[in-house]
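no FASTA, just this:
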């Protein structure tokens with residue numbers, strides 16, 4: 001059973017217990033209230049949560065939205081719903097949430113691509129990733145690796161760099177689209193290593209994978225969730241893990257920071273929770289605590305593991321600082337590679 005269906009069923013079972021657990025839920029709500037420092041007599045939460053997701057049902061962002069929403073519905077007597085608002089690479093959902101009251105009940109389940117890459121590559125949208133939203137909490141990171149066709153000559157990252165710098169013809173790499181995570185990560189790789197590379201753009205990472213497996217393109221960045229099937233069949237091989245440390249699921253594959261590419265970690269995917277700008281600190285802090293508690297729930301942890309993502313607990317400031325740093329790095333990269341923003 002898919003993780004989304006499994007945990008949707010779990011939520012339905014537990015929602016039947018709400019009436020007799022109402023007093024306990026109210027107590028939990030009071031605990032969060034006290035921890036956030038809100039005045040006596042105020043109640044948070046006291047009404048329905050609405051979580052907007054900028055992507056279609058069934059994808060990872062939607063699964064994470066429903067996991068968080070399900071946890072809220074099981075923990076508090078108030079209901080929690082997910083609204084899918086796909087379109088414009090997540091901009092429609094962002095804009096819809098930004099217009100809502102800053103009361104903590106209207107939330108955005110976000111992606112790194114949506115919050116960081118989209119404003120940097122499409123400034124015409126006038127989305128402000130620094131002050132345009134309240135950054136509440138990270139949920140998880142999605143591992144990201146550079147994969148090569150099994151038939152590609154290089155067997156390691158060092159061999160790739162040596163081959164790519166010495167060859168007369170460029171190495172072809174696939175992307176899920178112009179200006180996306182795969183495109184920018186590949187261009188950063190070429191910029192900082194001197195590898196001669198040529199982009200082949202596809203309409204989605206899934207469309208790229210068959211050509212990577214058949215060596216029509218030699219390289220491509222992808223998540224393990226997308227690449228695992230081809231990897232298990234021996235059709236592709238990992239050469240590099242994006243981030244500061246090796247991915248424990250792929251021992252021996254170096255991390256980008258370890259090979260002298262520290263800026264590449266700014267393209268490591270993540271999922272988080274935002275709200276409209278101006279949410280009071282006490283409410284935002286309470287929400288951060290709720291999300292961190294959610295990430296300790298055994299059912300949630302199991303679901304994230306099944307979807308090959310890693311939970312991340314972080315204070316609000318750390319999350320906001322990370323977004324600002326990544327946004328600055330991507331803006332610099334866009335200028336350095338000569339990318340023409342839309």
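Yep, it's here. Here the structure is a predicted model, which is why all the values come from computation and not from measurement. Numbers count the residues shown, from 1 in each chain.

Pairing partners for whichever strand in the chain runs longest, with directions?
The single longest strand within the chain, with elements called by DSSP state E, is strand 133-142. According to DSSP bridges, strand 133-142 forms sheet pairs with strand 269-276 (antiparallel), strand 310-311 (antiparallel).

From the contact counts, what lies against the helix or strand just after it?
Downstream of strand 133-142, the first helix or strand assigned by DSSP states H and E is strand 145-149. Under the contact criterion of 3 or more Cβ pairs under 8 Å, 6 or more residues apart in numbering; DSSP states H and E, strand 145-149 touches helix 205-213, strand 219-222, helix 224-232, strand 236-241. In this view, the C-beta of every residue, glycine as well, is placed from N, C-alpha and C.

for the record, mean pLDDT for strand 145-149?
Strand 145-149 shows a mean pLDDT of 98.

Quick check: what element follows that strand along the chain?
Next element after strand 145-149 (DSSP H and E): helix 157-166.

which SSE is residue 323 in?
Going by DSSP H and E, residue 323 is in helix 316-336.

ditto for residue 62
helix 60-75.

Give the burial count for residue 153, as a bare number.
12 (other Cβ atoms under 10 Å).

tell me the contacts of it?
159, 163 (Cβ atoms under 8 Å, 6 or more residues apart in numbering).

Now it. Its backbone dihedrals?
Main-chain torsions, residue 153, degrees, to the nearest 10: phi -60, psi -40.

gap between it and residue 171?
Per Cβ to Cβ, to the nearest Å, residue 153 is found 10 Å from residue 171.

Now for these two: what residues contact both?
Both residue 153 and residue 171 are in contact with residue 163, where contact means Cβ under 8 Å, 6+ apart.

Tell me where the model's unsure across this structure.
1-42, 342 (pLDDT under 70).

Pop the domain breakdown of it in here.
Under the assignment automatic domain parsing, the domains of the chain span 3-141+268-336, 145-266.

now, of the strands paired with strand 133-142, which is deepest in the fold?
strand 269-276 (a mean of 24; mean count of other Cβ atoms under 10 Å).

I'd like the distance from the helix or strand following it to the chain centre, please.
Downstream of strand 269-276, the first helix or strand assigned by DSSP H and E is helix 281-294. From the chain centre to the centre of helix 281-294 is a distance of 19 Å (Cα atoms, centre = their mean, to the nearest Å).

what angle separates helix 281-294 from strand 269-276?
Computed by axes from the mean of the first three to the mean of the last three Cα atoms, to 10 degrees, the angle separating helix 281-294 from strand 269-276 equals 150 degrees.

who does the residue lying closest to residue 310 once chain neighbours are set aside bridge with?
Once flanking residues are discounted, residue 310 sits nearest to residue 141: 5.0 Å by Cβ to Cβ, 6 or more residues apart in numbering. For residue 141, the beta-bridge partners under DSSP bridges are residue 270, residue 310.

just the one 4 residues further on next, same as before
On the basis of DSSP bridges, residue 145 is bridged to residue 222, residue 241.

Turn the strands paired with strand 133-142 into TSV, including distance to residue 78.
Shown next, in TSV, are the strands paired with strand 133-142 (distance: least, Cβ to Cβ, whole Å):
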stretch	distance to residue 78
strand 269-276	16
strand 310-311	24
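
Between the ones you listed, which one is closest to residue 317.
Of all the strands paired with strand 133-142, it is strand 269-276 that lies closest to residue 317, at 13.5 Å by Cβ to Cβ.

Residue 293: neighbouring residues, count only.
Considering only other Cβ under 10 Å, residue 293 is surrounded by 15 other residues.

actually residue 177, not the one I typed
Neighbour number of residue 177 under other Cβ under 10 Å is 16.

and it, backbone torsions?
Taking degrees, to the nearest 10 as the convention, residue 177 sits at phi 150, psi 160.

related to what we said a few turns ago, for the residue nearest to residue 310, grab the count of nearby residues.
So residue 141, with other Cβ under 10 Å, has 18 neighbours.

In contact with it, which residues are there?
Neighbours of residue 141 in contact, by Cβ under 8 Å, 6+ apart: 268-271, 309-310, 312.

7 Å - rerun?
Applying Cβ atoms under 7 Å, 6 or more residues apart in numbering, one finds that residue 141 lies in contact with 268-270, 309-310, 312.

for residue 180, same thing?
residue 113 are the contacts of residue 180 under Cβ under 7 Å, 6+ apart.
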